[in-house]
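**Q** Model the following, please.
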Amino acid sequence: MNRETAIINSTALRDKDLHKVLKQKQNDIIKLLEKEHKIVPKNYYRNLWMAVGMGAFGLPIGVAFGLLMHNIALLSIGLPIGLGIGVVVGSSLDKKAEAEGRQLNVEIKH
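**A** Residues are numbered from 1 along each chain as shown. Below is the predicted model of the structure:
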């Protein structure tokens with residue numbers, strides 16, 4: 001983590017390039033905290049599981065629904081279902097992390 005902050009402090013970049021480096025280093029630090037200490041910012045799991053829910057649950061549900069109805073255009077119906085599943089799972093994991101004291105009082109927005 002100290003290496004990441006040293007890189008940020010020593011950079012001569014400005015404007016968009018600096019913003020890009022800051023976002024990358026912020027993501028690296030958050031990944032390190034989550035991996036080594038299981039500490040996460042607010043809504044970390046919700047944001048993560050929204051994408052997982054759409055990809056892992058929503059697409060297969062949409063494909064199955066589209067094939068059953070003989071109209072593959074209905075594939076998109078599964079995406080909001082998967083999004084909802086992901087939000088529920090992620091929110092429950094966020095509540096669990098908060099109850100265990102593993103949640104930072106910071107919400108990361110990109």
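**Q** Residue for residue, what is the longest strand this structure has?
**A** When the chain is parsed with DSSP state E, its longest strand is strand 103-107.
**Q** so what secondary structure elements neighbour that one?
**A** Where contact means 3 or more C-beta pairs under 8 Å, 6 or more residues apart in numbering; DSSP states H and E, strand 103-107 is packed against strand 40-42. Using the backbone N, CA and C atoms, a C-beta is placed for each residue, glycine as well.
**Q** Need the contact partners of the following helix or strand past the strand it packs on.
**A** Using DSSP states H and E, the next helix or strand after strand 40-42 towards the C-terminus is helix 44-52. Here helix 44-52 makes contact (C-beta atoms under 8 Å, 6 or more residues apart in numbering) with 30, 34, 83, 86-87, 89-91, 93-94, 97, 103, 108.
**Q** Going C-terminal from helix 44-52, what's the next secondary structure element?
**A** helix 59-68.
**Q** ok, back up a step: next, the angle helix 44-52 makes with the longest strand of the chain.
**A** Orientation check (axes from the mean of the first three to the mean of the last three C-alpha atoms, to 10 degrees): strand 103-107 against helix 44-52 gives 70 degrees.
**Q** May I have strand 103-107 as PDB, with CA atoms only?
**A** Provided in PDB are the C-alpha atoms of strand 103-107 (Å, rounded to 0.1, in the frame of the first residue of the first chain):
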ATOM      1  CA  GLN A 103     -16.700  -2.300   6.200                       C
ATOM      2  CA  LEU A 104     -15.100   1.000   5.700                       C
ATOM      3  CA  ASN A 105     -17.200   4.100   6.100                       C
ATOM      4  CA  VAL A 106     -16.400   5.100   2.500                       C
ATOM      5  CA  GLU A 107     -18.400   4.600  -0.700                       C
END
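**Q** pLDDT of that strand, averaged?
**A** Strand 103-107 shows an average pLDDT of 91 in the prediction.
**Q** Pairing partners for that strand, with directions?
**A** Applying DSSP bridges to the sheet, strand 103-107 is found paired with strand 40-42 (parallel).
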